[in-house]
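Visitor: Structure, please.
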Amino acid sequence: MDVTQRPRPSRLGSELPPFYCPLERELIHPAAKEVEARAVGWLDGFGLYPDPVERAWGLATHSADFSCRIIPRGDVEAVLLFTEWNYWANAVDDWQDSGAADVRTAAVADHGVRLLRTLEDPGAGLLPDGPVTRALEDLVRRTHAMLTPFELRGFVEGTRDWLLGAAWQAAQAERGTMPGLNDFVAMGGLANGTRFSLTWSDVAGRVRLPADTLCAPALRALTDAAGFVVSADNDLFSYDKDDHLEPREVNLVNVIAHQERCSPAEALPLAVALRDRVMGLFLRLRTRLADGADPPLARHLEGLGHYVAGCIAWQSRAPRYASPRNRHELPDPGARFTIRYADRPSHAGTEPPPLPALARWWRQEHA
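Guide: Just a heads-up that it's a prediction; the model follows:
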């Protein structure tokens, strides 16, 4: 399917801009088909989706493809558990993004706290019984069995990022406000759940970094930069999926359009330029940290690259984005975006943007 031929045209134009991503691309875990089959069997076993339509849209997330592209090698059982987490989390994410009357900030925050406490204290009985809760309890039980205490703490913190970001976005929608760009780059990307995902990259690759290494300012800045790039790319791929919402979805394009008082199409190159400036910093900072890195750190840095590049490949193929629900009754299995890659960034400068929330990342480049 040519996704430029939609019933309603995209406010961004007929095609996405080229992606600057000079990283190893198009990798996928060799067990991807096995992981997908087992994960779908798990979903059906718990009856996670209430009817065939919801099941079709749940599978349209291509969560197995996502998991196997950002973790293209490593322990199959860890990748499988991560995949099941992603299918489950996407079901929650769809509720949070639905715009339904019951999705108020209070409801999102209350659910988030209950979920976090369930992760830390399985069996606490904080969520109502049902297929979604029973599936969560299974995920939590198996996660506690697989992860070390330190890995589990990292996963909980990554989940907290995701849920705090979701609550912040719900608050913006509830107030009918569009945040400023500095606020958005500081808080909007939390909902992307970067550390939620990267925990599993290390688990699958048996990468165990010392706490002082993992929490060092330079590596935290690099991780945040990767998360920003992935979040910016997601805002482009998912833009049409949420363009029916009023007030408009809080994403990078709409924030810039509001700030600059221009259309989304006019804001698009500004969004890409900011994304490319952060991508350039990511590449330079990763190169600095890789110089003299020991094998565990080198594999962790490699995993960050897979995360950025794998997300582009996954999103370009996911019917969730390529045949969005606000335009289609059912996902089109063959829908996909045509991806172009840029040889150079759209913004060539290496200086930091005039955004205080990003200044810390640039300070780490020569620290």
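Visitor: in the host helix or strand of G41, what's buried?
Guide: Here G41 sits within helix 32-46, counting by DSSP states H and E. Within helix 32-46, the residues scored as buried using 16 or more other Cβ atoms under 10 Å are A32, V35, E36, R38, A39, V40, W42, L43, F46. C-betas here are computed from N, CA, C, even on glycine.
Visitor: who's in contact with the fifth one?
Guide: Going back to what we said before, that points to A39. Residues near A39 by Cβ atoms under 8 Å, 6 or more residues apart in numbering: S63, A64, L80, T83, E84, Y87.
Visitor: Cross-reference the residues you listed with the strands and report the matches.
Guide: Cross-referencing these against strands under DSSP state E gives no overlap.
Visitor: Tell me the one of the residues you listed nearest H258?
Guide: Proximity of the contacts of A39 to H258 was ranked by Cβ to Cβ; the top entry is S63 with 31.3 Å.
Visitor: show me the contacts for the closest one.
Guide: Applying Cβ under 8 Å, 6+ apart, the residues contacting S63 are A39, T83, N86, Y87, N90.
Visitor: Relative to E351, how far out is it?
Guide: Distance, S63 to E351, using Cβ to Cβ, to the nearest Å: 38 Å.
Visitor: and if you look at S10?
Guide: Between S10 and E351 the distance is 32 Å, computed by Cβ to Cβ.
Visitor: The two: which is more packed in?
Guide: Between S10 and E351, counted using other Cβ atoms under 10 Å, the more crowded position is S10 (18 against 8).
Visitor: got the contact list for the residue lying closest to that one once chain neighbours are set aside?
Guide: Ranked by Cβ to Cβ, 6 or more residues apart in numbering and with sequence neighbours excluded, the top spatial neighbour of S10 is D240, at 5.0 Å. Applying Cβ under 8 Å, 6+ apart, one finds that D240 lies in contact with R6, S10, R11, L12, Y321, P324, N326, R327.
Visitor: Give the burial count for the fourth one, as a bare number.
Guide: What it means is L12. L12, neighbours per other Cβ under 10 Å, totals 19.
Visitor: Please enumerate the helices of the stretch 51-200 of the chain.
Guide: 52-59, 63-70, 76-96, 105-120, 131-146, 149-175, 181-187, 194-204 (DSSP state H, counting those that start in this stretch).
Visitor: in the fourth one, what counts as buried?
Guide: Right, the one you point to is helix 105-120. Neighbour count says helix 105-120 has T105, V108, A109, H111, G112, R114, L115, L116, T118, L119 buried, by 16+ other Cβ under 10 Å.
Visitor: Let me have these in a markdown table, adding pLDDT and distance to V230 as columns.
Guide: Shown next, in a markdown table, are these (pLDDT from 0 to 100; distance: Cβ to Cβ, whole Å):
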| residue | pLDDT | distance to V230 |
| --- | --- | --- |
| T105 | 88 | 25 |
| V108 | 88 | 22 |
| A109 | 91 | 24 |
| H111 | 91 | 24 |
| G112 | 92 | 21 |
| R114 | 95 | 27 |
| L115 | 94 | 22 |
| L116 | 95 | 22 |
| T118 | 95 | 26 |
| L119 | 95 | 22 |
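Visitor: Among these, which one sits closest to M146?
Guide: Once Cβ to Cβ is applied, the member of the buried residues of helix 105-120 that ends up nearest M146 is L119, at 13.4 Å.
Visitor: distance of that closest one from S10?
Guide: On the measure of Cβ to Cβ, L119 and S10 end up 37 Å apart.
Visitor: now swap in S63 and tell me
Guide: 24 Å.
Visitor: thinking again about what came up before, among the contacts of D240, which are located in helices?
Guide: Mapping the contacts of D240 onto helices (DSSP state H) picks out Y321.
Visitor: What is the nearest of the contacts of D240 to D235?
Guide: D235 lies nearest to L12 out of the contacts of D240, by Cβ to Cβ, at 10.0 Å.
Visitor: The closest one touches A265, doesn't it?
Guide: Yes. At 5.8 Å, L12 counts as touching A265 under the criterion of Cβ atoms under 8 Å.
Visitor: Tally up the residues packed near P210, please.
Guide: As a burial measure, P210 scores 11 neighbours (other Cβ under 10 Å).
Visitor: mind checking the backbone torsions on it?
Guide: phi -60, psi 150 (degrees, to the nearest 10).
Visitor: Just put the buried residues of helix 105-120 in TSV and tack on distance to N234.
Guide: Below are those laid out as TSV (distance: Cβ to Cβ, whole Å):
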residue	distance to N234
T105	22
V108	19
A109	22
H111	22
G112	20
R114	26
L115	21
L116	23
T118	26
L119	24
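Visitor: Identify, from the residues you listed, the entry nearest to P217.
Guide: Nearest to P217 among the buried residues of helix 105-120, with distances taken as Cβ to Cβ, is L116, at 25.4 Å.
Visitor: Next, work out how far apart the closest one and L136 are.
Guide: 12 Å.
Visitor: And for H244?
Guide: Distance of H244 to L136, computed by Cβ to Cβ: 29 Å.
Visitor: Which helix or strand contains the residue located most distally from the centre of the chain?
Guide: Centroid-distance maximum for the chain: G292 at 29.7 Å, with Cα atoms, centre = their mean. Using DSSP H and E, G292 is not contained in any helix or strand.
Visitor: can you pull the contacts of it?
Guide: Contacts for G292 (Cβ under 8 Å, 6+ apart) come out as none.
Visitor: Got the phi and psi for it?
Guide: Given degrees, to the nearest 10, the pair of backbone angles that G292 has is phi 80, psi 10.
Visitor: What of the one 10 residues further on?
Guide: The phi and psi torsions at E302 (degrees, to the nearest 10) take the values phi -60, psi -40.
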